[in-house]
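>>> I need the structure of the sequence given here:
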Amino acid sequence: MGAYEDVFRSSTDDPEGFWLAAARSLDWHVEPTRALDGARPPFYRWFPDGELNVCHNALDRHVDAGRGEQAALVYDSPVTGTKRTYSYARMRDEVARFAGVLVGLGVGRGDRVVIYMPMVPEAAVAMLACARIGAVHSVVFGGFAAKELAVRIDDARPTVIVSASCGIEGKRVIEYKPLLDRAIELAAHRPAKRVILARPQATAQMGPDDVDWAGAMAGAEPAACVPVKATDPLYVLYTSGTTGKPKGVVRDGGGYAVALAWSMPNVYDVGAGETIFTASDVGWVVGHSYIVYAPLLAGATTVLYEGKPVGTPDAGQFWRVVAENGVKSMFTAPTAFRAIKKEDPEGKLLAEYDLSGLRYLFLAGERLDPETYRWASELLGIPVIDHWWQTETGWPIVANPAGIELLEIKPGSPTRPLPGWDVRVLDGSGNPVEPGTDGAIVVKLPMPPGSLPTLWNDDERFVRSYMSTFDGYYLTGDGGRIDADGYVYVMGRTDDVINVAGHRLSTGGMEEVLATHPAVAECAVIGVADAMKGQVPRGFVVLKAGVQVDEEQLRAELVALVRNQVGAVASLKDVAVVPALPKTRSGKILRKTMRGIADGADEPVPSTIDDAGVLDALRPVLRRT
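Now for the predicted structure:
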């Protein structure tokens, strides 16, 4: 482990020197003279005296170096039968022109732009255009329910919203414009303008505040890059909070760019001119970091894929994309491989494609179960690398650093912490536990560049959510252990945020929706283990006294309610009507106990339970598969 140990030790012995050296890989308008400002912990700031433009580093820098004709982005859309390749020069020109559109609509440095887009190149163009003029983008997953979009609009208070007429999910066309119009009605804040990309699959009804993308681009003047402080926000990305109100994770431009530029060659072993295919969505942090920003910062080629791993049209689409584009590293979620395995268990479709250039498969977003690891490893015959990180961290915390040294793979572990991350496991009192003992996984402060400096307009919640449980540590919210070799094992969330196919969703938010039904007195939603999606939510509702309903009709109404209020991604399809919910004497619903029973554990009756008979009566329902 010599190479890894040496690099890791240099990051811990002299973190400022390590990250200042890493920063030299970028172009700076004002080069930083110091790496870290720790004057006001836990509000650490990286490269406080530096100025740069992230868009310049992602596009213009490579064109200026003579690589303008290299492919920057490949758009592959099996759901529309469309493929397009954007060179670095073309991408720069498109981004500069759309940046001019935003400037013409009144967007300036520090203003926010909400992007509510499908997986099309224009989504990446809009993100980079914001970065070009110093605006702050907030991407919302395309197709999110109007209510959820409205909450984000009110929190970010955008000057402009960028959207499209529709998105395509499998074989379904989802019209975005009605969802956007409804969100604007629900929101207290009203953006000045909305730019709408017309797609042939659906026609958007345009209003007086709506601007056609193509028309605006035709008359736009290209905008130049605006240097901003390294500590200025690049984007805000909302993640589920345990209260149901989403948390706006802030990402600073300088630290993020340095961390991502370092991670591409060192973690993913991808450099300039090589290709990475990240099968995710720009609405999630993986899409931000490893579809858009990191590959372009590294001068690599990124594949933006609009489709599913199966059904568009078959389970061989990932292999086709890899073969056609000479992909070196692929990155997706374990859920995708479970879906491929279900459709093509023997991997027969793989034989139709030449994958000789594929060196690594990276998986993240949820725990990689050993069976999926085994199947993928045997099928592909290459290193299958589990790695662990979060929306809040921006880039991997724990991973096998393929570009430094490929460490031994232990199934069930995402390997060891990357340079810059001081990962510990603590007990409930904040004391370190023995190797191999489960506890709360934390990161000793300060965290490295790229991690969140705070939450949008909510420093107090930032401290309360992440920094107050254990003094001097960031609370990841995950539980697990570190073995004697330093390998980290992440066993799952310790709060009520569940992981459905790589998407973090709040069960508390779903409970809030179920509780709005007039027949429901109280409810609980828990995440239970699922072979395909990792976790799925199951709902339990107690009816109001005297209410007479058709239970099947009620279930259908409740499922539809969550779908409309939270979105189809919630995947809540199972709601049981029960006489009562098990609670502690203080009235807290025993969700953890319910979850354990549903997952098949021999869960003991908690000493704090109010009525053990309620839990006993519920066990058969919980254990139903």
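
>>> got the contact list for L445?
41-42, 44, 467, 472-474 (C-beta atoms under 8 Å, 6 or more residues apart in numbering). C-betas here are computed from N, CA, C, even on glycine.

>>> buried among the residues you listed? Make that a ChimeraX selection.
Buried residues among the contacts of L445 (16 or more other C-beta atoms under 10 Å), as a ChimeraX selection:
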select :42,44,467,473,474
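
>>> element containing the residue of the chain positioned farthest from its centre, please.
Residue farthest from the centre of the chain, counting by C-alpha atoms, centre = their mean, is G546 at 43.7 Å. Counting by DSSP states H and E, no helix or strand carries G546.

>>> got the phi and psi for it?
With angles defined as degrees, to the nearest 10, G546 sits at phi 80, psi 0.

>>> how about the strands in the stretch 151-300 of the chain?
With strands called from DSSP state E, counting those that start in this stretch, the stretch 151-300 of the chain shows them at 160-164, 166-169, 172-175, 193-197, 210-212, 228-229, 233-239, 247-252, 275-278.

>>> contact partners of the last one?
Judged by C-beta under 8 Å, 6+ apart, the contacts made with strand 275-278 from elsewhere in the structure are 71, 74, 264, 268, 270, 286-287, 290-291, 295, 300-303, 305, 318, 321-322, 325-332.

>>> which of those residues are buried? Put it as a ChimeraX command.
Filtering those down to the buried ones (16+ other C-beta under 10 Å) takes a single ChimeraX command:
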select :71,74,264,268,270,286,287,290,291,295,300,301,302,303,305,318,321,322,325,327,328,329,330,331,332
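
>>> and L349, backbone torsions?
Backbone torsions of L349, given as degrees, to the nearest 10, read phi -70, psi -20.

>>> mind listing the helices for the stretch 351-500 of the chain?
Listed from the start of the chain, the stretch 351-500 of the chain has helices (DSSP state H, counting those that start in this stretch) covering 370-380, 459-462.

>>> and the protein, what are its domains?
95-226, 497-623 (automatic domain parsing).

>>> of those domains, which is nearest G365?
Closest approach to G365 among those (C-beta to C-beta): domain 497-623, 3.1 Å.

>>> my guess is L349 meets V310, correct?
No: assessed by C-beta atoms under 8 Å, L349 is found out of contact with V310, at 10.1 Å.

>>> quick one: contacts of the lengthiest helix in the chain?
As assigned by DSSP state H, the longest helix anywhere in the chain is helix 88-104. Contacts with helix 88-104, where a contact means C-beta under 8 Å, 6+ apart, come from 55, 59-60, 62-63, 67-73, 86, 113, 121-122, 125-126, 128-130, 132-133, 135, 160, 195, 211, 216-217, 220-224, 296, 299.

>>> PyMOL command to pick out the buried ones of those?
Restricted to buried positions by 16+ other C-beta under 10 Å, the PyMOL selection for the contacts of helix 88-104 reads:
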select buried, resi 55+59+60+62+63+67+68+70+71+72+73+86+113+121+122+125+126+128+129+130+132+133+135+160+195+211+216+217+220+222+223+296+299
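
>>> which of the contacts of helix 88-104 fall within helices?
Using DSSP H, the contacts of helix 88-104 in helices are 55, 62-63, 121-122, 125-126, 128-130, 132-133, 216-217, 296.

>>> show me which pair in those residues is furthest apart.
Across the ones in helices among the contacts of helix 88-104, no pair lies farther apart than H62 and A216, at 26.2 Å, counting by C-beta to C-beta.

>>> quick revisit: return the set of buried residues in the longest helix of the chain.
88-103.

>>> mind checking how far it is from the chain centre?
From the chain centre to the centre of helix 88-104 is a distance of 26 Å (C-alpha atoms, centre = their mean, to the nearest Å).

>>> quick one: mean pLDDT over stretch 187-204.
Mean pLDDT, computed over stretch 187-204, is 97.

>>> and it, end to end?
End-to-end distance for stretch 187-204: 20 Å, by C-alpha to C-alpha, to the nearest Å.

>>> the helix-or-strand element of the chain with minimal mean pLDDT: how far from the chain's middle?
Using mean pLDDT, DSSP states H and E, the weakest-scoring helix or strand in the chain turns out to be strand 503-506, at a mean of 72. How far strand 503-506 lies from its chain's middle: 10 Å, per C-alpha atoms, centre = their mean.

>>> picking that back up, just name the most buried of the strands of the stretch 151-300 of the chain.
With neighbours defined as mean count of other C-beta atoms under 10 Å, the strands of the stretch 151-300 of the chain peak in mean count at strand 160-164, which reaches a mean of 27.

>>> and the contacts of it?
So strand 160-164 is contacted by 102, 105-107, 113-118, 120, 122, 126, 142, 153, 176-177, 180, 191-199, 204 (C-beta under 8 Å, 6+ apart).

>>> now with 6 Å, please.
The set of residues external to strand 160-164 that reach it, using C-beta atoms under 6 Å, 6 or more residues apart in numbering, is 105, 107, 113-118, 126, 176, 180, 191, 193-197, 199.

>>> that one: how far from the chain's middle?
Here the centre of strand 160-164 is set off from its chain's centre by 20 Å, with C-alpha atoms, centre = their mean.

>>> re the thing from before, export the domains of the chain to JSON lines and tack on distance to L379?
JSON lines is the format used below for the domains of the chain (distance: least, C-beta to C-beta, whole Å):
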{"stretch": "domain 95-226", "distance to L379": "24"}
{"stretch": "domain 497-623", "distance to L379": "17"}
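
>>> of all the ones you listed, which one comes closest to V249?
When these are ranked by proximity to V249, the top entry is domain 95-226, at 10.0 Å, counting by C-beta to C-beta.
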